[in-house]
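In: Need a 3D model of the sequence below.
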Amino acid sequence: MKACATLSFGLALAASAHPTVSTRADEQDYNATYLGQILLDRLEKIAINEESPPRFVSPQAWQHTCPDVLLSFQGEQVQFWHEASIYPNDTISKRAFYIPHVETGDINPGPGDLKLSIAKSTMNSKMESKGWTVGARVAGTFGAKDGPSANVELSASYSDTTTTTKMQTVTTSHDASCKPGYECRLETWTFHIAVRARTRLLPYYQTWTAGGGHGAKTETCQMKQSVATCEQFRQRLREWCDYSPEVNNKGVWPPAPLDRTEDIELKLPIAEANGNQLMSRIVLVSEPIMRKKSGDVPEAVKEGTQQTIKEAMERGTRFQVLDSSSSS
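Out: Residues are numbered from 1 along each chain as shown. Predicted coordinates for the structure are as follows:
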């Protein structure tokens, strides 16, 4: 059986840094502590890559300019849009969770142990990016000495916009023992981070002419007063700027931008540091048969958190983290 005597997250945790596992109860306490209080808690220590922060760009579409702008040779077409980025002070809350995939399972009525084996591990992931260019990746190490410096980094450069759900299967080899009186499952837990943030919205526009091509990207509230004679542009001034014709058309220019913000929530799978594989662990979940028959124990959760681990333990469920090929 490949029991995890020294559990790892990227690198193995030093065995001397952990309590001695002298009984199965001690081992169960440690496994649950690792999953609920160490691993998931550390995954919530996120950092924002400020050189390439998560970013959002609203849909852009070219439209013909109004006659005043067209006839004054300031643009034949124009597009309006807004952008946003997430910086460290923008985050409101963070929540780490996992999505389990059941590899195999069985019921052991006794009297001896029952062996469970797997030859592959399947990682299920879900992304809710809502148009944002963003990805999450392990940064640093999670060893006993380096734990405080380890985190999950969010960056636009890690973005994977190909799909909202993803399944990744790797070859592995694991054995585990299901104790008498338990229904057991070998599960692959794929880790995710949910982030709520309050972002500032910044509006822009750009013009185009057949002779001159694309004009410069310009902040909406910095537009030339000469194009603001057109309702097409004034509409954006009223939406995004502290604009009043009575004030701004009499010498006060440009108008000040309004402080427009939007609350967003992103759910992202966490990749390993190399970016090629999702962050996962293989876990033996053992539920008491008697509690199972009474209907008190649910099936594998769709999304697991520190709270679901705690509630499962209160029902007598045991957890054991096995060595993962993703952490070797």
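In: quick one: residue 55 and residue 129 touch, right?
Out: No. Assessed by Cβ atoms under 8 Å, residue 55 is found out of contact with residue 129, at 11.0 Å. Where C-beta positions appear, they are placed from N, C-alpha and C, glycine not excepted.
In: and for these two, which residues touch both?
Out: By Cβ atoms under 8 Å, 6 or more residues apart in numbering, residue 55 and residue 129 have no common neighbours.
In: all helices for the stretch 151-300 of the chain, in order.
Out: For the stretch 151-300 of the chain, helices defined by DSSP state H, counting those that start in this stretch occupy the ranges 231-240, 245-248, 289-293.
In: Dump the C-alpha coordinates for the second one into CSV.
Out: Presented in CSV, the C-alpha positions along helix 245-248 are these (Å, rounded to 0.1, in the frame of the first residue of the first chain):
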residue,chain,number,x,y,z
PRO,A,245,-22.9,70.2,-21.3
GLU,A,246,-23.6,73.3,-19.2
VAL,A,247,-20.2,73.0,-17.6
ASN,A,248,-18.0,71.0,-20.0
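In: Most tightly packed of the helices of the stretch 151-300 of the chain?
Out: Among the helices of the stretch 151-300 of the chain, helix 231-240 has the highest mean neighbour count (mean count of other Cβ atoms under 10 Å), at a mean of 17.
In: picking that back up, out of the helices of the stretch 151-300 of the chain, which gets the lowest mean score?
Out: Of all the helices of the stretch 151-300 of the chain, helix 289-293 carries the lowest average pLDDT, namely a mean of 65.
In: for stretch 191-204, the distance to its chain's centre please.
Out: 11 Å (Cα atoms, centre = their mean, to the nearest Å).
In: Buried residues in that stretch, which are they?
Out: Buried residues in stretch 191-204, defined by neighbour count with 16 or more other Cβ atoms under 10 Å: 191-195, 197, 199-204.
In: Those residues into CSV, with extra columns for distance to residue 267 and pLDDT?
Out: Shown next, in CSV, are the buried residues of stretch 191-204 (distance: Cβ to Cβ, whole Å; pLDDT from 0 to 100):
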residue, distance to residue 267, pLDDT
191, 12, 94
192, 6, 95
193, 8, 96
194, 5, 96
195, 8, 96
197, 12, 97
199, 16, 97
200, 22, 97
201, 21, 98
202, 24, 97
203, 27, 98
204, 28, 98
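In: Out of the residues you listed, which sit inside strands?
Out: Assigned to strands by DSSP state E, the following of the buried residues of stretch 191-204 qualify: 191-195, 197, 199-200, 202-204.
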